[in-house]
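**Q** okay, predicted coordinates and the sequence, questions at the end:
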Amino acid sequence: GGEKVSQAVILYSNFDSCTIFFNIEQQECQLWAYENPTNDVIQECLETYKTLCEGEIYEVYNATCLT
């Protein structure tokens, strides 16, 4: 016992593009983008993120590297 389970609440999920979580333990939002998103998709996600999370982006997770 004693291991921590990271608790997160899904604030927004678009199955074509991204999911935005609020991490309860860290008290911050986290944005997860899916593989090979288009720029339009990313912009839409970021706009949604800013609306939900007061504009501060801490970390962006992605299944693949964005170059």
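**A** Okay, I see it.

**Q** can you list the low-confidence ranges for this structure?
**A** Along the chain, the parts satisfying pLDDT under 70 run over 1-6, 55-67.

**Q** what is the neighbour count of the residue lying closest to Glu44 once chain neighbours are set aside?
**A** Setting aside the residues directly before and after it, Glu44 is nearest to Ser17 in space (C-beta to C-beta, 6 or more residues apart in numbering), at 6.7 Å. Yep, even glycine has a C-beta here, placed from its N, CA and C like the rest. Ser17 has 18 neighbours, counted by other C-beta atoms under 10 Å.

**Q** Ser17 contacts Glu47, correct?
**A** No: using C-beta atoms under 8 Å as the test, Ser17 is too far from Glu47 to be in contact (11.6 Å).

**Q** sorry, back to before: who are the contact partners of the residue nearest to Glu44?
**A** Ala33, Tyr34, Pro37, Val41, Ile42, Glu44, Cys45 (C-beta atoms under 8 Å, 6 or more residues apart in numbering).

**Q** just the helices in this protein please.
**A** Under the criterion DSSP state H, helices of the chain are mapped to 39-53.

**Q** point to the residue nearest the middle of it.
**A** Leu31 (1.2 Å; C-alpha atoms, centre = their mean).

**Q** gap between that residue and Ala8?
**A** Noted for Leu31: a distance of 12 Å to Ala8, by C-beta to C-beta, to the nearest Å.

**Q** joint contacts of the two?
**A** With C-beta under 8 Å, 6+ apart, Leu31 and Ala8 have common neighbours Phe21.

**Q** wouldn't Phe22 be in contact with Tyr12 here?
**A** No: Phe22 is beyond contact range of Tyr12, at 9.9 Å (criterion: C-beta under 8 Å).

**Q** so what's Ile20 bridging to?
**A** Tyr12, Leu31 (DSSP bridges).
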